[in-house]
Every structure is written in C-alpha cells, then in structure tokens.
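1. sharing a sequence plus its predicted fold:
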Amino acid sequence: MIPEIGHILLVIALVLSFVGGLGAFALKRELPVLKISFILNLLLIGSFFALIYSFVIDDFSVAYVAQNSNTNLPIYYKFAATWGAHEGSLILWILSMNIWLLTFIFFDNSKNTNFSNYVFGVCCLVIFSFLLFTIFTSNPFERILPIPPINGADLNPSLQDFAFTVHPPLLYFGYSGLLIPFAISISAMLSGQPNKDWASSSRPWTLLACSFLTIGIGLGSWWAYYELGWGGWWFWDPVENAAFVPWLLAVALVHSLLVTENRNIFINWSLLLSIFAFAASLLGTFLVRSGILTSVHAFALDPERGLFILGIFSFFVLGGLVIFAFKNSTNNVASFYSLNSKEFGLLLNNLLLVVLAVSILFGTLYPLIYEAFTDGKQISVGAPYFEFIIFPFAILLGLLQGIALYISWGSTKSFSFIGKLIVEAISISLLTLVLLFILFDELISASFFAIFIFAWILAGSLMINFSFKSFANYLDFVNRRIGVMLSHIGMALLVLGIGVVSSYSSEKELIIKPGEKVEFLNKDIELLAIKDVQGPNFISKTAEIKVSDDKRVFNIQSEKRTYFPSGQVTTEAGIDTGLFRDFYVSMGDNFKEDSWSFRLQSKPFIRWIWLGALLITLGTFISSINLIRKQ
Amino acid sequence: MFRKLLTIFFATFIFGLTLAEEPNEVYPFEDSIHEERFLSLLNELRCPKCQGSNLAGSNAPIAIDLKREVYRLVKLGKTEKEVKTYLVDRYGNFIVYDPPFESDTYALWLAPLIIFLITISVILFRRFSN
Amino acid sequence: MKNLLNLLPLIAFVILIAVLYSFLTQDNDQLESVLVDQSVPEFRLPSLENPEITISKSNINKLPAVINVWATWCIACKVEHPFLMKLKEESIVTVYGLNYKDNRRKALDLLKKDGNPFELSIFDEHGKLAIDLGVYGAPETFFIDKTGIIRERHVGALTTKVWKEKFERFLNEDNDV
C-alpha cells in the first residue's frame, strides 16, 4: 500500500508541476508560487519517505528495493540504499531541485511579478520533465508481481560506506542548484532587460550551488581514495568528469556574474554561461545514465532512458538558447574594458575555465567519436591526457588568482604589488620546501611548480602587503572578504596537496606472512595476524598490522571483504591518517597458505586536497549566505 | 605524464639510492629507475576486463597477468614506450590511458589549444576593433 | 551580425545533440581485435593432457581452424561447449583449445565428462599466449584461415547465430580459393 501511495504522490506532483509551469507563463498576475512550491515539496518528501519506508521494512515486492537491498543489510545502509541506484537517486534529485525552488522563492523579494513567475515556471517545467522521466521509464515503486522474491539482491558493496551515503545527496544538491541560475537567466530574458540586478539576484544561488558541488565532488574523491583500495583520489573517469565540467562552468559563472553585477557588462556572456552550466549538469546525467560511456560508476544501462534524458536536455537547452537568440534584447556591442582591469582579468579567468571545461568534455566523449570514425576501433582517454591538458590551464589560472584581489575595476593604477608578491611567494615556497625537507628528507623538483603556485595564490589571497593603516583595518578587510579569501586559500591548499602527493608518494607491494616483519620507508611493519571476521552481511579476512618507527607505534587494520549474497569482494584499506602524510595499506592476493600481498603506500599531504575542497565549500557558502542576507 | 612534463622544466630528478632486493617483494627491482617506470606504467595502462580501472587499481586475474608481463618487460630493460607498444600491438589503443599522437588523435590533442586560440583571438579582436 | 552571433551557441548545441544521439544508437559491445589479419603469434606451451609435451605454433597445422579460449570457471564456456562439439563432429573446422588460467585436473575432468572437441589442448596457466592474442577473458574464439592468418575474433559464447554472422564467410572464401 505504501509504495502505491508514494507512486500516487509522484503523479500528483507531476500534474501540479505541469499546471504550475503552464500557469506561470500564461497568467500575468501574482500567483501563490510559495504555496505551490511548498505543496510540491510535501508531495515529493512524502514520496521519498514512502520509498525509504519500503527499504526499511524490506518490502522486496518493490523491484527497486529487491534489486538494491537485502535483509542482512545494516539498517543505516538500507536507508541510504534509497538513493543507491538510478530510480531512487532521481527522486532525491527532483526533491533537491524543488528545495532549491522553495528556498529561492522564500528569499525572493523581486518587485517584478513576471520575473518571479517565470523563474517558478521554468523550475516547475524542469521538475515536471524529470517526474515524467521517472514515472515512465524509472519508476522506483514498480512491484514484482505476482511472486515477490524472498530476499533482495543487495546494495553494491562498495557503496556500503559512510562517505557514499552523504556524497550523492550533496552532489545532486549541487547539480540541481544550477537550475536556479538557469531559471533566473531565462526569466530575465523573458521579463525584461537582463542587467546588473539580474546578476545580483543570480550570484548567491550560483555560489551556493558551487558550494554543494565542491563538497559533493570532494566527498566522492575521498570515498574513492579509501574505498576502492588503490590509493588514488581522482581517476578522470567519465563520471568524475561529468561532475567536474559543471563545477568548472559554475565557477566561471560565479566570476562572470561578479563582473556583470559590478560593471553591467558581459551580460550576454553571463546569460550564456548560466545556460551552459545547467546544460553541463544535464549532460552529465545523460552520460552517466544512458550507458554510452562505460565507467566504474555506471548506472543501469538503458538506451531508452538515454533517449528520454537527451530529449529533456534538448528541450531546455535549445529552448534557452532560442530565447537567448531571439528574445534577448541586450546589446551585443563589445563592452569596453582596459587590459589592466579586473574585468579583463576575470574575462581571462572565464576563458580558461570554459575552454578547460570544453576540452575535458571533448576528451571524455572522444572515445565515442573515435569509435564512430574508425569503424569500431577503441581508444582510452584517461588520466595522462587530462593531466597534460589541465597543466597549462592550472598554471595560468593560478597566476591570475594570485593577483585577483589586487587588481581593480576600471583600471589598476599601479602594478607595484607584483614585486612584493613575488618576494612573498618565494619566501612561502622556501618555507614549504624546508618543511618538506624536514618531513621527508628529500626535495623533489617535480613538486616545485605546484609549490610556487600554492605560495603565489596564498600570498595573493592573504593580501598582507596591501597598504593597510592598521591591523584593525586589515581584519576589517578580511571580514568583508572572508568568503573569497577562504575559497582562494582553499584552492592554494588543493594545489599544494596535488603537487606534493603526486611527486612524494611512494609505494611497494610486499608478500608478508603472519609474524613476519618487513621494512618500508624506515618503518617496521609487522603482520600480527590474519583473522576471519564475520560482519552483518560479509565475511572478511582482516589483517592486523603493527607499524613502528622511531617516533611512534600504531596498529592498522586492512581488510578484504566478501559480501553475500552478491559474492563481490571489496578492499577496505587500512589508513593511518595524518596532516602531513597518510600511511595506506591495502590487502592484495593470497599467496601460499597465510601469505598475503600487501600494497604499502605513503601519501604525503593528500589530506590537503580535501582540506582545500572544504575551504572552497565554506568560502562559497559564506559568500552566498552574506549575499542572500543583504538582499 | 604530470611528472614527465615537469621534468622538461627541471632536468634534475632526484632518485633514491639503488634499492636492495627484498625477498618479500612481489615485484622486486634492482634498479630504482626500473621500479619508477614499472609503477608509472601500471598507472597508465588500462585493465582490459574491468573497463574503468588501471592496472595499479585492479586485482582482476587479467590485470595480474598483465602486471607480471609488464614487470618482465621492464626487468628486461624495455623503455616505457616499448612496453606500451608491445601491449598496444596486442590489445589496441584501448589498453593505454595515454592516447598516442597520430592522425586519428590529432583532433584530441590539439583541440584545447585550438579552442583557446580561437576564443582569445575573438575576444581581442572585438576589444580592439571597438 | 548581431543575430548571427547570438545564434552561434544554438547551432553548436544542435550539433552536439545530433552527435549525442548518434552515440546512443552506436553499438559498442564488441571489442575489436588488433590481431585480425595478422599471423598467429609464436608460442611454446605445455599440452593440457601431458605437461611433458610442448605445443608450439607449428602444431596449429590443420587449417582452417578456430582457437577457442576457455576455462572451467567460465560459465559461458559451458554454453558454447555443445556447439564446439558440433564443429568437431560435423568436421566443419578444426578446433584448437586454449585452456586459460585453469586447473589442469578440473579441465581434464570436464573434457572427459562433456566430450572433447579439441584437436589439441594448450594449457596456458598464466595467460601467456592469451596476452599475445589480446584476450580479455574467456570465452573468446579466433578464426585462423588456411594460410595461418587470424581473420576474426569473437568475445563471448560461440553460437550458431554468431557462427553464421561472423565466421562462416571465411570457410566459404577458403573453398573458393
């Protein structure tokens, strides 16, 4: 009964969103948009809870539950399994779009009724199309009749994990947040001339979406690091790229809206970017869920679903672009800006981010293009390619970021800060190198570039050599710009983390038997025992490892789990985390008797990558909240 | 690739001392340059069966066979390029994450540069024609 | 000029969508082999029946033939086994077996129980020849023509349908020559 109620709630939401969407465009008067969004929200939450309920009570007559849960699954994961696969995650996605809409309308104080109506209308239509897609191709409430299975298949074991339970909701929240800037742009073009007021109403929401995208991607990377068992934190997998491209465009949009808001220029560009960013998030969905790209994350592969998503993508993106081409009355004359202005700096920033995004998208799709043109030959485009192309972009973006806070609107009067900045950056670099030498006893030249860029961004973001009258003045300045400072410093830490971890890492694969001692990086590593452990829905071989060096002694547990009923094997890496280095142990294969191979890795500064992502999340979040409060 | 690129800027690469062969190692090397090469190859070669993972990140039986093969070739003193060619001759370009630069892939490698040049010239043209 | 420039993104996205649509209809489950049109690689591996006997390329001499990669742990191999038997019994083509990463005793037991379609069985415990053939897993089947050249590769179970679609033409071609 409960699944049917969930299904019916979805259908009511479908009708309501359709009526709301049409009404908003047809009626030229004030509508109870807040009320409708609220009701829509209740319906979707109700439906979502119906699905959660079916999981919690093990209702295996519901096909989706039967495919993604199991009686033995711990209750916490039953809960999270709700969004563990395609159908359920769609409901979560739609719900989060609606939460965005509700929040936007709640804070919206625009005097232009048409503007608010249109934003509401666009959001409703997008929600409607997603509901249509869900109900017709991916209904999570579908029953297996007449004979339901006695037990479920199980949730993919590698998803049975804390980070995974929070990573998708946050990521979807970020993805779907890009709906708001899109809707605001369409609405601005339809309801009048988009100008700086439009930009200031869009910017906080773009920042907020950016914040959620960053934390979502960051958590995904952290999850991959400890769950996939090989110590990598980013793989340039198609699905990762599908999240990275919207992030790059959202970051570009944040910066171009800043220019539009302050100088009333780049209006067309900001409008287009709003459409592109939303398009990228839909495109990501398409790539992941149509199964055209094989990937570790691939959802159920279904060309029919792919066709449907492509339809949604085409309708909204082409619709947006048609409105842009024909309804947009903004003058297309090139805006005037001088080459030493903040405007030009931000233009370069946008250019680099967008070209990078397009290149990554092209690289991701290239295997398919190649296959089509070479008659079935296969090619892989992976990490080495993407790292190669991102390198020059990252350096240029980093250099720009360092001077970002110093340059002024209109024209920068003096560039004398550059000299001081270089001195600061070199000093910070040297300090960092000294620290690295103390920590690891060697200097690896491959990391110098990243260290300098880190120091350059850090020095530029801290603005310590900017002429302040007093320390109080400086604090006041920091207080006013805390958001941008935090996010830029976050970027600096991220760069340092990537630079150090990719040059200072070391690894070794050793065969060890219980009681045996080996040495790795001046540490004594002793395999104490290999135990058989019985978990709620898995059995595991757990290796107890004692690590000792001249400073301390600690224990690490590394596991190899076999989940039932699926029989899938996962590697649970044992990690000794540290601010300056992680010590990472993953279990490999069983050699004769009790001998196992272990992959021992040292991952210096890897935490800084996620620390950086966290600061970016925090910075963009604070900026956004401050802007919303001001409105 | 990231590292290789950096070596262009800094020719002085610091390597650890020559390693003594430990009996416990799954893939023992006498020469640290060989070991570096082996590890970097594992990251750049794709596990054919798993479809979305490199050799370093996979424990699939075929990945283990291929690791052993790569190990054998590196021990023989083959260069990174020779090992890749060896595998591409058997598995096609699918096996390397680092696509070759040849007529079929010019578009791939040059796209970022071309897009960048086109957009920057449009911007500068519009700025200065005003 | 103004409108034309504003239309540009629209045009770009129409192209993108057309490309994406073509990807959807693209069939990409077959992995193309680079070894097609090349000679069978050199190898020296023990026979499945007797570890003392070494089999090499020169033993693959009853051509045309297929080389079938199989193992006891492979479920699809059990599916295609009757078809391989049929190839042998009706003398359609010689079948060489490449026992891939398997247990010798189990493999022999299975051949005893279900029948042995293979002219010769190569025992490739560590996947040596398999790597040289670019094998992804079991089962895979290679067609070797009269001159010892690999003409076609199939990944997955060999069935009558697959045989008709991918392999039969090479038999006929050989008869014509």
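-> Looks like it came in fine.

2. going forward, measure contacts between C-alpha atoms and count neighbours the same way
-> OK.

3. measure A:P536 to A:F106 for me?
-> Between A:P536 and A:F106 the computed distance is 44 Å (CA to CA, to the nearest Å).

4. just A:I186 next, same as before
-> 19 Å.

5. more neighbours: which of these two?
-> In this view A:I186 and A:F106 are compared by other CA atoms under 10 Å in any protein chain shown, and A:I186 has more residues nearby, 27 against 13.

6. surely the more buried one touches A:G320?
-> Yes - using CA atoms under 8 Å, A:I186 makes contact with A:G320 at a distance of 6.4 Å.

7. show me the shaky parts of chain C.
-> Within chain C, the stretches with pLDDT under 70 are C:1-3, C:26-32, C:174-177.

8. biggest helix in it by residues?
-> helix C:2-25 (DSSP state H).

9. could you list every helix and strand in contact with that one?
-> Identification of packing neighbours for helix C:2-25 by 3 or more CA pairs under 8 Å, 6 or more residues apart in numbering or on different chains; DSSP states H and E yields helix A:303-326.

10. flag every buried residue along the longest helix of chain C.
-> Using 16 or more other CA atoms under 10 Å in any protein chain shown as the test for burial, helix C:2-25 gives C:N6, C:L7, C:P9, C:L10, C:F13, C:I17, C:L20, C:F23, C:L24.

11. most proximal residue of the stretch 401-550 of chain A with respect to chain C?
-> In the stretch 401-550 of chain A, no residue comes nearer to chain C than A:I511, which is 19.2 Å away by CA to the nearest CA.

12. could you find the closest non-adjacent residue to the most centrally placed residue in chain C?
-> By CA atoms, centre = their mean, chain C has its centre lying nearest to C:T141, at 2.5 Å. Leaving aside its chain neighbours, C:T141 sits nearest to C:N68 (4.5 Å; criterion: CA to CA, 6 or more residues apart in numbering or on different chains).

13. host element of the one you found?
-> Using DSSP states H and E, C:N68 falls within strand C:65-70.

14. rewinding a little: can you list contacts of the longest helix of chain C?
-> A:290, A:292, A:303, A:306-307, A:310, A:314, A:317-318, A:321-322, A:324-326, A:332, A:368 (CA atoms under 8 Å, 6 or more residues apart in numbering or on different chains).

15. chain center to the helix or strand hosting A:V585, what's the gap?
-> Secondary structure from DSSP H and E places A:V585 in strand A:581-590. Distance of strand A:581-590 from the chain centroid (CA atoms, centre = their mean, to the nearest Å) equals 27 Å.

16. now swap in stretch A:497-516 and tell me
-> For stretch A:497-516, the distance to the chain centre is 28 Å (CA atoms, centre = their mean).

17. give the buried residues for that stretch.
-> A:497-504, A:506-514.

18. now do it: distance from first to last residue.
-> Using CA to CA, first and last residues of stretch A:497-516 are 34 Å apart.

19. now check that stretch, is it near chain B?
-> Yes - where contact is defined by CA under 8 Å from any CA of the partner chain, part of stretch A:497-516 touches chain B, namely A:S502, A:S503, A:K508, A:E509, A:L510, A:I511, A:I512.

20. the last one bridge partners, please.
-> Partner residues in beta bridges with A:I512, using DSSP bridges, are A:W596.

21. could you verify my assumption that it touches A:L600?
-> No - taking contacts as CA under 8 Å, A:I512 lies outside contact range of A:L600: 11.3 Å.
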